[in-house]
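[1] predicted model, plus sequence, below.
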Amino acid sequence: MSGERTSPGSTPGQRGGEVIDLKTKRSYRASLGAVASQQVASARRRIGLSAKEFAEVLTPLLGWTPSGETIEAWERTVVPPGDVLLAVGLAAQAAGPSANAPISNDDDLLSDMVAHRYADVDAVFSTRSEFASKMPPHTLFDGATEIRAAGLSLNLLCQQYADENLRHLVESGALVQCLFLDPEGDAIKAREQEEGYRPGFLSALNDLNIQILQQRVRQRLPESARDRLQIAVYDETIRFNITIIDGSTAVVQPYLHAARGIEAPTFLLRNDGGAGLFATFEQTFTWLWGKGTLQ
């Protein structure tokens, strides 16, 4: 006899509190699929929309148009994909709870899960141009002590924020890290094809923005401050433009199929210290920066 005690419901040889490998529990997959489907149904009922109306709400967030029938399928028979669950959560949070929608205990549970997961989403804009009109760059960057940006051409920082202001930030002690998609890499060629541009179009824009930072900003900085403006390139499939300011605010813009970057939605995140989206995108930036080559 080993003398080991088992907790209620445990099998011999399995100690209480031991981690169970979910891969050996095939039933979990079906259960999670049902939860995902119910999350779609719960969010739609809370907002008080028909399936067709809910599809219209999700369209700008997804970058493509689901049908009412597709919404109904996600609620009943088809497990919704990850980007749909993200869009559903954002739509539900933006709309708030509906006083007219019946809410069951399951709805309460799912709503709490969604609210906790996306609590750090401060605002959602249907396009980058809408974001720029309501959140001009100076409101984000003025007075910042750290800016970390990764994406394609980083126009928010290079084209929409004055060179003089950026120099002033760095001279005042700010650390600025800028990670561009490599103008000579394969990923930017793939993105040019996806957006329908002629070869070299986006590469030329990236070259221009990199030169702006190198020649108009970094070279005009005092020698002692130049190391605080770090410029790098990477060659990975582009999925998001991520700009993080002072570890507290993040601007996240996805790249959608066959759509220009300016047409994509923009998410404004505030770091609340929880397990929301902010930490996810901060980790993504760190991973991408590790893939970069300094210029």
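    Sure, I can see it.

[2] pull the number of nearby residues for the nearest residue to D207 once chain neighbours are set aside.
    In space, and not counting its chain neighbours, D207 is closest to P183: 5.0 Å by Cβ to Cβ, 6 or more residues apart in numbering. Where C-beta positions appear, they are placed from N, C-alpha and C, glycine not excepted. P183 has 20 neighbouring residues, counting by other Cβ atoms under 10 Å.

[3] next, P183: phi, psi?
    With angles defined as degrees, to the nearest 10, P183 sits at phi -60, psi -20.

[4] pretty sure it contacts I210?
    Yes - with contact defined as Cβ atoms under 8 Å, P183 counts as touching I210 (7.3 Å).

[5] any shared contact partners between those two?
    V233 (Cβ atoms under 8 Å, 6 or more residues apart in numbering).

[6] can you pull the pLDDT of the nearest residue to K52 once chain neighbours are set aside?
    Nearest non-adjacent residue to K52, counting by Cβ to Cβ, 6+ apart: G68, 3.5 Å away. As predicted, G68 sits at a pLDDT of 91.

[7] so what's the residue count around G68?
    14.

[8] next one: T59
    Quick note: T59 (other Cβ under 10 Å) scores 14 neighbours.

[9] just confirm it is within a helix.
    Yes - counting by DSSP: H, G, I helix; E, B strand; the rest coil, T59 falls inside a helix.

[10] just checking, it touches T65?
    Yes - when contacts are counted by Cβ under 8 Å, T59 is listed as touching T65 (4.8 Å).

[11] in stretch 288-295, what counts as buried?
    L288, G292 (16 or more other Cβ atoms under 10 Å).

[12] could you work out the end-to-end span of it for me?
    15 Å (Cα to Cα, to the nearest Å).

[13] heads up, I number from 521, so please use that
    Okay, using 521 as the starting number, the last item reads as stretch 808-815.

[14] pull the residues that contact that stretch.
    668, 670, 697, 699, 702, 730, 734, 750-756, 762.

[15] apply 6 Å and report the result again.
    Residues outside stretch 808-815 that contact it (Cβ atoms under 6 Å, 6 or more residues apart in numbering): A670, L699, I751, A752, V753, Y754, E756.

[16] likewise stretch 765-785?
    So stretch 765-785 is in contact with 580-581, 583, 646-649, 660, 664-667, 715, 758, 760-764, 786-787, 789, 791, 798, 801, going by Cβ under 6 Å, 6+ apart.

[17] just the buried subset of these, written out for PyMOL, thanks.
    Under the burial definition 16+ other Cβ under 10 Å, those of those that qualify are selected in PyMOL by:
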select buried, resi 580+581+583+647+648+660+664+666+667+715+758+760+761+762+763+764+786+787+789+791+798+801
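
[18] take the contacts of stretch 765-785 and keep only those in strands.
    E666, I667, F760, N761, I762, T763, I764, T786, F787, L789 (DSSP state E).

[19] show me which residues of stretch 788-806 are buried.
    Residues of stretch 788-806 classed as buried: L788, L789, N791, G796, L797, F798, A799, F801, E802, F805 (neighbour count, 16+ other Cβ under 10 Å).

[20] what's in contact with it?
    A639, D640, V641, D642, A643, R668, A670, I762, S768, A770, V772.

[21] figure out the helix or strand that the residue minimising distance to the centre of the chain lives in.
    Geometric centre of the chain, nearest residue: V772, 4.8 Å, by Cα atoms, centre = their mean. V772 belongs to strand 769-774 when elements are defined using DSSP states H and E.

[22] tell me the angle of that strand relative to strand 760-765?
    170 degrees (axes from the mean of the first three to the mean of the last three Cα atoms, to 10 degrees).

[23] pLDDT of strand 769-774, averaged?
    Strand 769-774 comes out at a mean pLDDT of 92.

[24] right, I'll leave it there.
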